[in-house]
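Novice: Build me a structure from this.
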Amino acid sequence: MSLLPERLIILDRDGVINQDSDAYIKSLAEWIPYPSAIDAMARLYKAGYTLAVATNQSGIARGYYDEKTLGTMHKRLQKLVSNAGGEIAHIAYCPHGPDDICHCRKPLPGLLEDIQKKLGRKTLEGSWMVGDSLRDLQAGEAVGCHSILVRTGKGQKTEAKGIGLEKAQVFDDLSAFADWLINENPVS
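Specialist: Residues are numbered from 1 along each chain as shown. Coordinates of the predicted model:
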């Protein structure tokens, strides 16, 4: 598999891969993946893309769930993607709350820099950042990623605001983005 930056896709989790909730995703039972997203991740992997996840998880700082519970959700995600024929190279998460002083909480680029380091990449320039909120796109743009907004999760509300989306391409969901990317950028 290629390690070129443009072959790396970084995905937000809640609202992109699974259903989101204003009450937070606090348990494995509440973690409900979009079936089309799991399939899209497998298709992207099979097309030669490296997949990573960058997710804010302030519910940990708020005491709604712990890192063990989050780990259970991520193991389920990895198993579903693996069963579909794909692989997630790394999952980075920020356990901090919005008032904590950290470098990892999106829109700051710390989670993406963690992915860059874990995957041994010199740059993230030209990689893809897929999210449903402006802060996802801002984190990606800070390190040179192409911005992709999906309309799932909070994506429709983000799109309706129209602020900060000048560089973003918009797709209905992760599956529509995967279709476009695979058709537009076939492995040579």
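Novice: in the chain, which spans are helices?
Specialist: For the chain, applying DSSP state H gives helices covering 35-46, 67-83, 110-118, 134-142, 155-161, 174-184.
Novice: possible to save the ones you listed as a markdown table with mean neighbour count and mean pLDDT?
Specialist: All C-beta atoms are positioned from the backbone trio N, CA, C, and that covers glycine. Shown next, in a markdown table, are the helices of the chain (neighbours: other C-beta atoms under 10 Å; pLDDT from 0 to 100):
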| stretch | mean neighbour count | mean pLDDT |
| --- | --- | --- |
| helix 35-46 | 21 | 97 |
| helix 67-83 | 16 | 98 |
| helix 110-118 | 20 | 98 |
| helix 134-142 | 23 | 97 |
| helix 155-161 | 15 | 97 |
| helix 174-184 | 18 | 96 |
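Novice: Any chance of TSV for the ones you listed, columns distance to residue 55?
Specialist: TSV is the format used below for these (distance: least, C-beta to C-beta, whole Å):
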stretch	distance to residue 55
helix 35-46	13
helix 67-83	9
helix 110-118	7
helix 134-142	9
helix 155-161	15
helix 174-184	14
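Novice: Relative to residue 27, tell me which of these wins on proximity.
Specialist: Residue 27 lies closest to helix 67-83 among those, at 6.3 Å (C-beta to C-beta).
Novice: what's next to the closest one, contact-wise?
Specialist: 13, 17-18, 25-28, 31, 33, 38, 41-42, 45, 51, 53, 57, 60, 87-88, 91, 93, 95 (C-beta atoms under 8 Å, 6 or more residues apart in numbering).
Novice: Could I get the CA-only coordinates of that helix as PDB?
Specialist: This file holds the C-alpha atoms of helix 67-83, laid out as PDB (Å, rounded to 0.1, in the frame of the first residue of the first chain):
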ATOM      1  CA  GLU A  67     -11.500   5.300  28.000                       C
ATOM      2  CA  LYS A  68     -12.200   1.600  28.400                       C
ATOM      3  CA  THR A  69     -15.800   2.100  27.100                       C
ATOM      4  CA  LEU A  70     -14.300   4.200  24.200                       C
ATOM      5  CA  GLY A  71     -11.900   1.400  23.500                       C
ATOM      6  CA  THR A  72     -14.800  -1.000  23.300                       C
ATOM      7  CA  MET A  73     -16.400   1.200  20.700                       C
ATOM      8  CA  HIS A  74     -13.200   1.400  18.700                       C
ATOM      9  CA  LYS A  75     -12.600  -2.300  18.800                       C
ATOM     10  CA  ARG A  76     -16.100  -2.800  17.400                       C
ATOM     11  CA  LEU A  77     -15.400  -0.200  14.600                       C
ATOM     12  CA  GLN A  78     -12.100  -1.900  13.700                       C
ATOM     13  CA  LYS A  79     -13.800  -5.400  13.600                       C
ATOM     14  CA  LEU A  80     -16.700  -4.200  11.400                       C
ATOM     15  CA  VAL A  81     -14.200  -2.500   9.000                       C
ATOM     16  CA  SER A  82     -12.000  -5.600   9.000                       C
ATOM     17  CA  ASN A  83     -15.000  -7.900   8.400                       C
END
